[in-house]
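Undergrad: Make a model of this:
(3 chains)
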Amino acid sequence: MGGQWVGEANKLDAWSNPDSDFRQRSNMPLSQETAGDCEHETAVAPVRDAIVPLAQNKVERSLRSRVEPRNYEIRNHAGPSVIWKSFGIVYDTATGAKTNFAACKTCSKTFIFKTGGKGIHSTGTSTIVSAQQKAKMTAAAVDYCASDMRVFESVSGVGFKAVIQAALDIGVASNGRVVVNDLLPCPLTVRRNVEARAVSGREALSIILHDHLVSDVGFATTIDMWTDTVKKTSYLSITSHYVNADMVLHARTLHVKPVFDASHTAVVVKNELKSGLAVLEIGQAFYDQIIVVSDSGSNCRGAEGIPSEFAWLACLDHKLATVLTTVFNKTTTMINGVKSAPFYKYNNEQHANLAVLFNVFDANKKLVEYFKRTNLQCMLSKTLNVHDMTDEVIELLKKRNKLDLFNFSQDLLAEIVSFLDVFQLATLSLEQFKSPTLHKHLMPVMHNVLDDGGNLVRKADSASLIAAKGVLMPIFIEKFVVRMCMSRRRSCAQCSSAVFLVEVIKMQLKCDMAKYGHQLDTEVDAAVAPPVSKKARVGNGHSMYDMEEDEDERSDDRANSNFSNRIDIEFKSYNQHTISDNEKRDSEVGGEFNVLAWWKTTGAKLFPIMACVARSILCVPASSAMSENNFSDVGNTLTKKRNRLKPRVVNDLMFVRSNRDLCKK
DNA sequence: GCGGGAAGGATATGTGTACC
DNA sequence: GGTACACATATCCTTCCCGC
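TA: Predicted structure coming up:
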């Protein structure tokens, strides 16, 4: 218990009366009453701001009114504040009632003691650290806990304090030693600040996202579900992705919200997404502008779920994995009660060479098992790429004369690795949610696999690999290309080639341009033209209004025509535009061409309508990797030791971690 | 009317302890 | 070891009162 000293009572009747029972009990000579070396001179000094000298007469009045002719005594008080070493509480001796006063045990100087306050020792002992400095330290501690995923308790840890104190001793404390305990907030305060910062951050993010929705640019989200291993709580991760007017792509966590509904059906997931958006005051009116990227699990893409109200896109990263799994999984099944041969799906002459391919896979499984059993993996260089690692594995086996154990074609293995390399690169590229993925990465990946006719482009493949690709490509096209087309343009279910996809995207671009172009025109009109007032009908039934209306319609037709022409011209110009060397140089970020930098420096000036389209398209991530990353972070935060962490606090921590720049300090 | 002080509500922060 | 929570407690802010 601490206290706040709000007034000082000198020469009080009760204290100065030689007959006072209190004086006898306290056994204090009057000469000490004004002693200058009492402990309270130093003990009270740090909280001098709380002492109100002008309250003295009130203290006197208050004590007088109740003192005479009663007796009082000072009793020790076991509050946590260091102040209680020097002070005690004044009690009514007769009734044992506690007064609102405290007095110095040495000189009996009396002060009003106002209950309530956050403890003298906690905030009052330092005359060096100001409230602003402490607030700054608290904000830094919040960043520390949220960004580094540290436990709240760690700010009171011995090691952490030692680091801070060392820094202070060396740098800051040039004018005197700062005690680290004065500077650091308690863990609970850090936790509360995390919650408060999350609230302010969500308000700021809500404003930003609303701006994108109101201007029809929209934004994208990724979602994914995950269950933690400690408390088995299910979480839904929701992230937001948008390109702002300055052509900067932002990827932010919206929620990592707990889902307490045991059934994770499509409808439940959709409603959780909606409730998460509702926290940011994003309602149904805007759903059609929000593109949701998720894996193709039935709880995310079910007909009654997210696709029923939002534009849904499959995570291409997951699609790649599905394609590879489907093709390279040596699946068997039961046919008429008998286990089928491997690759039963491809049990025909066309795919006869697949058996050779899968023999390599089988050999590799044995190889991995051997490396684990003999702990040989520690001999491999972890920094090598897959190609070099394959060579290193072969060399290692040769040195040990174990290569024959595995009986596989080295050439075919190298070929497979080479073939899979493009998928690995694609996966790595797709997972970059902090840079545009749709144009920059997806299209080159596809072009590496398909030519303009949708045929294979790699040459000199072995018969086995050709067989694998023959199986892979239809699946690839079906799952990877067509689905994407369908979700963007639901009418193009028949499309079957990458070329068609490009055309579809172009068509979509033109449709989008009409929307943004109209918006730009409206803004210009509003800026230059006064509003048209409607006039009453007059005379023979015809009216000035009718005439004006006719004129308006003709004007609208001309405007629409001009508008349409403008779109055609800009779209045609965009299609024909070749990026010059100067443009490339102006658009480099970190030594590489950056498509958003190009839109900012050149594109927005040459193609203002297309620039709006670019913002709405380039913000869409190709994968739900950011949501996956969030779960990785939650896993690191929600450990066995932190099993009491509430899901809503986890959510706040993840939000602050991702949106530090938006969270007010 | 103005300025200063007091009172009390609102809010932020710290302490102690139960609980996992 | 770590979090949640009830409770204690500083401090800020607004409102009201009172003397000049």
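Undergrad: which residues are contacting stretch A:576-585?
TA: By C-beta atoms under 8 Å, 6 or more residues apart in numbering, the residues outside stretch A:576-585 that reach it are A:587, A:593, A:598, A:601-602, A:606-607. From N, CA and C alone the C-beta is placed, and that goes for glycine too.
Undergrad: which residue ranges form the helices in the stretch 551-665 of chain A?
TA: Shown for the stretch 551-665 of chain A, the helices assigned by DSSP state H, counting those that start in this stretch span residues A:581-586, A:595-598, A:604-606, A:608-618, A:625-637, A:647-658.
Undergrad: Indicate which one of those is closest to residue A:431.
TA: Among those, the nearest to residue A:431 by C-beta to C-beta is helix A:625-637 (3.9 Å).
Undergrad: what's the closest one packed up against?
TA: strand A:219-227, strand A:234-243, strand A:249-259, helix A:647-658 (3 or more C-beta pairs under 8 Å, 6 or more residues apart in numbering; DSSP states H and E).
Undergrad: Kindly reformat those as a markdown table containing mean pLDDT.
TA: Formatted as a markdown table, the helices and strands packed on helix A:625-637 follow (pLDDT from 0 to 100):
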| stretch | mean pLDDT |
| --- | --- |
| strand A:219-227 | 89 |
| strand A:234-243 | 91 |
| strand A:249-259 | 90 |
| helix A:647-658 | 85 |
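Undergrad: out of these, which comes closest to DNA strand C?
TA: helix A:647-658 (4.4 Å; C-beta to the nearest atom of the strand).
Undergrad: Wondering if the closest one reaches DNA strand C at all.
TA: Yes. Judged by C-beta under 7 Å from any atom of the strand, helix A:647-658 and DNA strand C are in contact via residue A:649.
Undergrad: And the contacts of that helix?
TA: For helix A:647-658, the external contacting residues (C-beta under 8 Å, 6+ apart) are A:142-143, A:145-147, A:149, A:191, A:194-195, A:197-198, A:201-202, A:233, A:235, A:239, A:252-258, A:630, A:633-634, A:637-638, A:663.
Undergrad: filter these down to the ones close to DNA strand C.
TA: residue A:191.
Undergrad: of the contacts of helix A:647-658, buried ones?
TA: Buried members of the contacts of helix A:647-658, counted by 16 or more other C-beta atoms under 10 Å: A:142-143, A:145-146, A:149, A:191, A:194-195, A:197-198, A:201-202, A:233, A:235, A:239, A:252-258, A:630, A:633-634, A:637-638, A:663.
Undergrad: How is chain A divided into domains?
TA: A:4-123, A:131-185, A:197-315+A:624-658, A:324-439+A:452-492, A:497-528+A:561-623 (automatic domain parsing).
Undergrad: I'd like the average pLDDT over the last one.
TA: Averaged over domain A:497-528+A:561-623, pLDDT sits at 68.
Undergrad: ok, now the shortest one?
TA: Throughout domain A:131-185, pLDDT has a mean value of 71.
Undergrad: for the fourth one, same thing?
TA: The predicted model assigns domain A:324-439+A:452-492 a mean pLDDT of 68.
Undergrad: Now the helix or strand containing residue A:389: buried residues?
TA: Using DSSP states H and E, residue A:389 maps to helix A:386-399. By neighbour count with 16+ other C-beta under 10 Å, helix A:386-399 contains the buried residues A:390, A:393-394, A:397.
Undergrad: ditto for stretch A:623-633
TA: A:623-631, A:633.
Undergrad: residues making contact with that stretch?
TA: Identification of contacts with stretch A:623-633 by C-beta under 8 Å, 6+ apart yields A:149, A:222-224, A:226, A:235, A:237-239, A:241, A:251, A:253, A:256, A:293-295, A:315-318, A:430-433, A:437, A:654, A:657-658.
Undergrad: Among the contacts of stretch A:576-585, which lie within strands?
TA: Among those, the ones falling in strands (DSSP state E) are residue A:593.
Undergrad: So which of the contacts of stretch A:576-585 is the closest to DNA strand B?
TA: Closest approach between the contacts of stretch A:576-585 and DNA strand B, by C-beta to the nearest atom of the strand: residue A:601, at 43.1 Å.
Undergrad: Neighbours of that closest one, how many?
TA: Look at residue A:601: counted by other C-beta atoms under 10 Å, it has 16 neighbours.
Undergrad: which ones are touching the nearest residue to it once chain neighbours are set aside?
TA: Spatially, and ignoring its direct neighbours in sequence, residue A:601 is nearest to residue A:586 (4.7 Å; C-beta to C-beta, 6 or more residues apart in numbering). Contacts for residue A:586 (C-beta under 8 Å, 6+ apart) come out as A:597-598, A:601-602.
Undergrad: gap between residue A:586 and residue A:575?
TA: Here the criterion is C-beta to C-beta, to the nearest Å. By it, residue A:586 lies 21 Å from residue A:575.
Undergrad: and what of residue A:185?
TA: Residue A:185 is 58 Å from residue A:575, where distance means C-beta to C-beta.
Undergrad: what about the closest residue to residue A:402 other than its chain neighbours, helix or strand, and which?
TA: Distances taken as C-beta to C-beta, 6+ apart place residue A:370 nearest to residue A:402, at 7.4 Å, with adjacent residues excluded. According to DSSP H and E, residue A:370 maps onto helix A:354-373.
Undergrad: Quick check: buried residues in that helix?
TA: If you call a residue buried by 16+ other C-beta under 10 Å, then helix A:354-373 has these buried ones: A:354, A:356-360, A:363-364, A:367, A:371.
Undergrad: Now tabulate the residues you listed in TSV and tack on distance to DNA strand C.
TA: Formatted as TSV, the buried residues of helix A:354-373 follow (distance: C-beta to the nearest atom of the strand, whole Å):
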residue	distance to DNA strand C
A:354	52
A:356	54
A:357	49
A:358	48
A:359	50
A:360	47
A:363	45
A:364	41
A:367	40
A:371	35
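Undergrad: Pick the one among these closest to residue A:135.
TA: Nearest to residue A:135 among the buried residues of helix A:354-373 is residue A:371, at 54.7 Å by C-beta to C-beta.
Undergrad: That closest one and DNA strand B, how far apart?
TA: Remark: distance between residue A:371 and DNA strand B (C-beta to the nearest atom of the strand, to the nearest Å) = 40 Å.
Undergrad: which among the buried residues of stretch A:623-633 gets closest to DNA strand C?
TA: Using C-beta to the nearest atom of the strand, the shortest approach to DNA strand C within the buried residues of stretch A:623-633 belongs to residue A:633, at 14.3 Å.
Undergrad: can you pull out the strands in chain A?
TA: Counting by DSSP E, the strands of chain A are A:4-9, A:72-76, A:87-92, A:98-104, A:110-114, A:219-227, A:234-243, A:249-259, A:290-294, A:311-314, A:334-335, A:338-339, A:588-589, A:592-593.
Undergrad: quick check: mean pLDDT across the fourth one?
TA: Read that as strand A:98-104. Mean pLDDT, computed over strand A:98-104, is 60.
Undergrad: so how far is residue A:406 from residue A:397?
TA: Residue A:397 is 7 Å from residue A:406, by C-beta to C-beta.
Undergrad: show me what contacts the residue nearest to residue A:402?
TA: For residue A:370, counting by C-beta under 8 Å, 6+ apart, the contacting residues are A:376, A:402, A:405-406.
Undergrad: Kindly indicate the member of these with the most neighbours.
TA: Within the contacts of residue A:370, most neighbours by other C-beta under 10 Å means residue A:406, with 19 neighbours.
Undergrad: what about residue A:642, how many residues close to it?
TA: Neighbour tally, residue A:642, other C-beta under 10 Å: 16.
Undergrad: Identify the residue spatially nearest to it, adjacent ones excluded.
TA: Using C-beta to C-beta, 6+ apart, the nearest residue to residue A:642 is residue A:151, at 6.1 Å.
Undergrad: Residue A:243 contacts residue A:596, doesn't it?
TA: Yes. The criterion here is C-beta atoms under 8 Å, and residue A:243 meets it with residue A:596 at 6.7 Å.
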